[in-house]
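Peer 1: kindly generate the corresponding structure for this input.
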Amino acid sequence: MKRLHMQVTRQQNRETFQKFAMVLTTLLAWCCLASAQHWVALPTFPGNGAGTAILQTDGDVLVQELTGPASGGGSATGNWYVLHPDASGSYETGFWGGPVSTISYSYAPLYFASAVLPDSRIIIEGGEYNFGFLNDTVGGTLYNPTTASFHNMGAPKLWAKIGDAPSVILPNGRFMMGDCCSTNEAILNPTTLSWTSTGAGKADANSEEGWTLLPNGKVLTVDTQNGSESELYNYTTGKWSLAGNTYYHLPYNCANPKIVPEVGPAVLRPNGTVLATGANGYTSIYHVTQGNWTKGPIFPPNSAGQGQDGVADGPAALLVDGNVLVMASNINPCNITPSDFFEFNGTKFVSVPGPPNASNEVSFDGRMLVLPNGGHILFTDGTTDVEAYIPVGAPNSSWAPTITSYPATITQGGTYTLKGTQFNGLSQGAAYGDDSQSATNFPLVRLTIRGIVNYLPTKHFTMGVATGTKVVQTAFTLPFFVGKGAATLEVVANGIPSKAVSITVK
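Peer 2: The predicted model follows:
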């Protein structure tokens, strides 16, 4: 476990970029590309500082309040705020609501497992540094976005601790979680809220590990205490099996033999590979179809000239063009400012601008979330400055969701079904690991009427990632009055929208 010493805005004109690329060298072209990515400040966070952010199925964002950045000793307060997009669907000019609190039952972990359930509720479970005290909390909470309220949630039977735990929503819609300090894993049935033990054959404890959902429905993890091994969980059998040597050794204990080695986030990309980042500056690539590992690029040196960059805990997020945005910082020694930001383009890491606080923080201060407005990346760091990263790339058209069945008309209060393909996107979106999970592999339904953008709450959606041509579905509701008349409807997954269909609101 970690020890705390520790929009739409203007996009670069694509035609102009292409003209420059024709006359400049490849290196200069990459420099120009990097300079075009930029950050936009959102409305100031109304609490002390913004922590983990979780996208709701109605398009709002639930954001944890911290007393300050984790590297400066910040802790959770138990309060959560809600970020609402504006009438154009922009979060950069959205507005804040809240707070909603878990204080009544003394639950305020800094790090925890979390996920959006297929019924639209958000589960937050376990945790470390509850109200700032080092412990491995048992139990958790369920957030209901319909009532904007938290409710107490129990833990798996006989578990003495959970701590900062990995978690994932399996393709069958059930929530799987591991405890921090053993090989124990359990699955939650969202309907009955009952837990079932699972995970036979795990080769090492879950501590500091992250879980990546793959297109084949299996869950990939990089072992932190089992050499250079990786493992796969099969939800149909409930068992783990070894997934091969990661080529490079990725875990690193920051030269502190008293702690479990850290490891960085692992992100599934549209081409069926997983970028697994190391706390020691190395990376490895997992090839899902082949079932093997190859070496990835090594992070560049730290921008302050202090040594090697790596991700000894930290965030990453998939961009709509398939690149991966990663926050790294010095690992010789660990937890030393400044932090650096890179895009992984499938071959190498390209340096990109950092947000305003980058020089004052380390990688584990950051959190990322993929937003539905063009795949902008929401970034929080424990301060009141909430930023959005604006990428320049565009998605391949084949990555978009498609709507094949939809209602011709909808009315206020009605619930309807959409069917189509790739409603879950090609990846979980953002990653961090055991301390924070903000996956967005679920469909958002965006209704535009008279120029006003509305996100309609979804639930009962098919789960998974990169489901290809499989017909999937989601239910959505029109819970509020949006006016009457002609409208368009889209499904958005990880920032990539489907083609709009025309409907009528009556």
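
Peer 1: hey, let's count contacts and neighbours off CA atoms from now on
Peer 2: Fine.

Peer 1: show me the contacts for residue 422.
Peer 2: Residue 422 makes contact with 399-402, 465-470, 472, 493, according to CA atoms under 8 Å, 6 or more residues apart in numbering.

Peer 1: repeat for residue 174
Peer 2: Residue 174 neighbours (CA under 8 Å, 6+ apart): 117, 187-190.

Peer 1: for the stretch 201-350 of the chain, which segments count as strands?
Peer 2: Using DSSP state E, counting those that start in this stretch, the strands of the stretch 201-350 of the chain run over 212-213, 219-222, 229-234, 239-245, 266-268, 273-277, 283-287, 292-295, 309-310, 316-318, 324-331, 334-344, 349-352.

Peer 1: now mean pLDDT and distance to residue 113 too, for the ones you listed, in CSV please.
Peer 2: What follows is the strands of the stretch 201-350 of the chain, written out as CSV (pLDDT from 0 to 100; distance: least, CA to CA, whole Å):
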stretch, mean pLDDT, distance to residue 113
strand 212-213, 98, 14
strand 219-222, 98, 15
strand 229-234, 98, 18
strand 239-245, 98, 20
strand 266-268, 98, 16
strand 273-277, 98, 19
strand 283-287, 98, 24
strand 292-295, 98, 27
strand 309-310, 97, 23
strand 316-318, 98, 17
strand 324-331, 97, 20
strand 334-344, 95, 23
strand 349-352, 97, 29
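
Peer 1: phi and psi next, for residue 359.
Peer 2: Phi and psi for residue 359, reported as degrees, to the nearest 10, are phi -70, psi -10.

Peer 1: pull the contacting residues for it.
Peer 2: Residue 359 is in contact with 337-339, counting by CA under 8 Å, 6+ apart.

Peer 1: re earlier: only the buried members of the contacts of residue 174: can you turn that into a PyMOL selection?
Peer 2: Buried members of those, defined by 16 or more other CA atoms under 10 Å, are picked up in PyMOL with:
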select buried, resi 117+187+188+189+190
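
Peer 1: one step back: okay, and which of the contacts of residue 422 map to strands?
Peer 2: Within those, residues falling in strands by DSSP state E are 402, 472, 493.

Peer 1: quick one: the first one and residue 500 touch, right?
Peer 2: No. Counting by CA atoms under 8 Å, residue 402 does not reach residue 500; the two are 9.1 Å apart.

Peer 1: quick one: which of those two has more around it?
Peer 2: residue 402 (22 against 16; other CA atoms under 10 Å).

Peer 1: could you give the bridge partners of the more buried one?
Peer 2: Here residue 402 sits in beta bridges with residue 421, going by DSSP bridges.

Peer 1: list the contacts for it?
Peer 2: For residue 402, the contact set (CA under 8 Å, 6+ apart) comprises 420-423, 491, 498-499.

Peer 1: now swap in residue 118 and tell me
Peer 2: For residue 118, the contacting residues are 173, 459-463, by CA under 8 Å, 6+ apart.

Peer 1: what do you get for residue 334?
Peer 2: With contact taken as CA under 8 Å, 6+ apart, residue 334 is in contact with 254, 312.

Peer 1: ditto for residue 50
Peer 2: 63-66, 68, 380-386.

Peer 1: in strands only, show me those.
Peer 2: 63-66, 380.

Peer 1: can you say which of the contacts of residue 402 are buried?
Peer 2: Neighbour counting with 16+ other CA under 10 Å marks 420-423, 491, 498 as buried within those.

Peer 1: tell me which of the residues you listed is nearest to residue 300?
Peer 2: Within those, proximity to residue 300 (CA to CA) peaks at residue 422, which comes in at 34.9 Å.

Peer 1: what's the closest non-adjacent residue to the closest one?
Peer 2: residue 401 (4.6 Å; CA to CA, 6 or more residues apart in numbering).

Peer 1: thinking again about what came up before, who wins for neighbours among the contacts of residue 118?
Peer 2: Result: residue 463 is most packed of those (other CA under 10 Å), 25 neighbours.

Peer 1: shaky segments in this protein?
Peer 2: Applying pLDDT under 70 to the chain flags the ranges 1-35.

Peer 1: one more pass at 90, please.
Peer 2: Under the criterion pLDDT under 90, the flagged ranges of the chain are 1-36, 104-105, 134-135, 137, 305-307, 332-333, 335, 433.

Peer 1: give me the most central residue, it.
Peer 2: Against the mean C-alpha coordinate of the chain, by CA atoms, centre = their mean, the closest residue is residue 430 at 2.6 Å.

Peer 1: tell me if I'm right that that one and residue 441 touch.
Peer 2: No. Using CA under 8 Å, residue 430 is not in contact with residue 441, being 9.5 Å away.

Peer 1: which residues in the stretch 51-200 of the chain form helices?
Peer 2: Remark: no helices are assigned in the stretch 51-200 of the chain by DSSP state H, counting those that start in this stretch.

Peer 1: and the furthest pair within the contacts of residue 174?
Peer 2: With CA to CA as the measure, no two of the contacts of residue 174 lie farther apart than 117 and 187, at 12.4 Å.

Peer 1: any common contacting residues for the two?
Peer 2: With CA under 8 Å, 6+ apart as the test, residue 117 and residue 187 both reach 174-175.
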